[in-house]
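Participant: Need a 3D model of the following:
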Amino acid sequence: RPRRAMTIAHASPGLASLPVPLAPARSGVVATAVVVGAALARLVLVHPLGLTDTEAYYAAWARFPSASYYDHPPMIAWMIGLTTRASDSAMAVRLGPLLCGVAFAALLYRFTRDLFTPRAGLFAVVIATALPGVSATGFIANPEGPLLPLWVLVLWSLHGLGVDRAAWRPLALGAAVGVAFLCKFTAVLAVPVAAMYLGSAAETRGWFRRPALYVGGALALLLAGPVIGWNLQHHWPSLQLHLVERMPPGAEGAYAQHAARLAVGQLVLFHPLILPGLLAAAGLAVRRGFTDRRYRLLAVASAPVLGFFYAVMVRAHDAESHWTLVGYVPLVIAGAAWLDEVFDRRSARLARYLRACLAVSASGAGARGDPRSLDDAAAGAAHGRRRPRERVHRLGRAARRDRARGLVAAAGGLRPLRRRHPLPAQ
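Facilitator: Okay, here's the model as predicted:
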């Protein structure tokens with residue numbers, strides 16, 4: 001329906017200090033400004049900073065090209081190898097994630113705009129940018145950097161299967177899933193998500209009788225072939241790590257500690273005020289999904305995925321808080337659609353909530369700008385303690401020496417050397 005031009009100040013007196021134009025016709029312009037501004041801010045903030053220990057680990061991978069590695073598929077190493085051909089500086093290592101962050105925000109806007117409205121697309125970009133865990137993937141070298149834009153393409157392709165019966169749509173889905181699997185093993189969850197979505201309604205169940213769907217699946221397997229072949233050749237070390245080594249028998253009280261660590265980590269990486277809103281958006285998506293195909297997709301791609309990761313992270317002894325990233329992407333879209341619906345109602349309560357979110361985001365902007373500060377926070381959330389920045393620097397120096405040697409063994413199928421305990425003073 002037509003909407004009159006307005007600003008945040010018009011929508012609520014409490015937001016008069018934020019005169020951002022939100023007319024649907026200008027939402028694309030504002031979203032572009034947000035994406036470009038966030039990318040430039042990340043570029044300026046991280047340019048003078050050295051690599052974290054984890055980034056040094058991935059940079060060492062790039063020196064030993066392989067079809068896969070012990071704990072992750074190869075995409076991050078391939079990307080770093082491509083961007084460091086002319087320079088081995090920290091900025092060159094992070095160039096790939098910076099570009100992927102821009103691609104993710106652009107695809108998120110386009111997908112949300114197609115699902116709902118241009119203004120909902122703008123809100124989705126703003127929410128995603130405000131989440132520390134999502135924003136960090138746009139300037140720290142990590143497997144989630146290339147995974148997130150591909151995950152949006154997976155969701156978009158699934159939505160297309162409910163729009164029409166074009167034979168190319170399953171091929172697009174298979175290509176997105178296969179390439180995403182080269183980024184991180186998390187992408188395998190696209191298979192049950194697609195099965196649940198297609199089986200949830202009569203208009204999409206017909207795809208199970210069409211050969212094109214299985215051709216798309218074969219394409220995904222073909223693209224994921226390097227990772228599968230490498231693991232087969234080396235007796236499945238990645239499965240051994242993720243399904244056995246990380247899942248030892250739990251000691252008494254260990255699961256309760258893991259659950260507390262999970263809760264703290266999610267609040268740190270996904271904003272203590274926005275995270276409850278995202279979880280509320282999951283309930284909204286489930287409730288509306290019974291009658292609306294769009295919300296059904298968002299519900300199927302979020303609630304089961306998050307439930308799976310929550311269960312695994314309570315069970316694993318070294319769970320990392322960012323594992324849940326892909327589960328929150330559909331909730332960002334659902335939350336943006338709800339915000340687009342209620343924004344014109346001039347709610348003072350909504351104004352106070354948005355102001356509080358902005359205040360918290362502003363207070364944490366400095367930490368997000370420094371990858372080493374983010375590493376400190378993530379380590380504290382993941383392991384129940386604070387890791388001093390000096391120790392991070394020491395780990396980074398040791399990583400550049402020890403992990404490069406360990407990856408020579410990794411290329412032969414052996415486990416790379418990874419330090420998980422404090423190192424003696426150099």
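Participant: can you tell me how far residue 301 sits from residue 239?
Facilitator: Between residue 301 and residue 239 the computed distance is 24 Å (C-beta to C-beta, to the nearest Å). The way it works is simple: take the backbone N, C-alpha and C, and place the C-beta from them, glycine included.
Participant: quick check, residue 318 in a helix?
Facilitator: No - for residue 318, which was evaluated using DSSP: H, G, I helix; E, B strand; the rest coil, the result is coil, with no helix membership.
Participant: Can you report phi and psi for residue 295?
Facilitator: phi -70, psi -30 (degrees, to the nearest 10).
Participant: ok, now which ones touch it?
Facilitator: By C-beta atoms under 8 Å, 6 or more residues apart in numbering, residue 295 lies in contact with 284-289, 334.
Participant: Which pair of these spans the longest distance?
Facilitator: Across the contacts of residue 295, no pair lies farther apart than 287 and 334, at 10.7 Å, counting by C-beta to C-beta.
Participant: out of these two, which sits in the busier spot?
Facilitator: residue 334 (31 against 12; other C-beta atoms under 10 Å).
Participant: out of the contacts of residue 295, which are buried?
Facilitator: Of all the contacts of residue 295 considered here, the ones buried according to neighbour count by 16 or more other C-beta atoms under 10 Å are 284-286, 288-289, 334.
Participant: Counting only strands, which of those residues make the cut?
Facilitator: Of the positions in the buried ones among the contacts of residue 295, not one sits in strands, assigned by DSSP state E.
Participant: Redo the residues you listed as TSV? Include pLDDT and distance to residue 68.
Facilitator: Compiled in TSV, those are given as follows (pLDDT from 0 to 100; distance: C-beta to C-beta, whole Å):
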residue	pLDDT	distance to residue 68
284	95	39
285	96	34
286	95	36
288	95	40
289	94	36
334	97	34
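Participant: between those residues, which is nearest residue 328?
Facilitator: Minimum separation from residue 328 among the buried ones among the contacts of residue 295 (C-beta to C-beta) is found for residue 334, which lies at 10.2 Å.
Participant: Once you drop chain neighbours, what's closest to the residue nearest the centre of the chain?
Facilitator: The centre of the chain sits closest to residue 325, judged by C-alpha atoms, centre = their mean, with a distance of 3.8 Å. Here the nearest residue to residue 325 in space, its sequence neighbours aside, is residue 144; by C-beta to C-beta, 6 or more residues apart in numbering that works out to 5.4 Å.
Participant: Equivalent analysis for residue 35, please.
Facilitator: Distances taken as C-beta to C-beta, 6+ apart place residue 105 nearest to residue 35, at 4.3 Å, with adjacent residues excluded.
Participant: what about the one you found, helix or strand, and which?
Facilitator: helix 90-115 (DSSP states H and E).
Participant: which helices and strands does that helix pack with?
Facilitator: In terms of contacts (3 or more C-beta pairs under 8 Å, 6 or more residues apart in numbering; DSSP states H and E), helix 90-115 is packed against helix 27-46, helix 53-62, helix 75-83, helix 118-130, helix 144-163, helix 325-342.
Participant: how far out from the middle of the chain is stretch 97-112?
Facilitator: Computed by C-alpha atoms, centre = their mean, to the nearest Å, the chain-centroid distance of stretch 97-112 equals 11 Å.
Participant: quick one on the thing from earlier: neighbour count: residue 301 and residue 239, which is higher?
Facilitator: Between residue 301 and residue 239, counted using other C-beta under 10 Å, residue 301 has the larger neighbour count: 29 against 11.
Participant: quick one: that one and residue 197 touch, right?
Facilitator: Yes - using C-beta atoms under 8 Å, residue 301 makes contact with residue 197 at a distance of 7.4 Å.
Participant: ok so, going back, report the rounded mean pLDDT for the helix holding residue 105.
Facilitator: Model confidence over helix 90-115, given as mean pLDDT, is 94.
Participant: Thanks a lot, see you next time.
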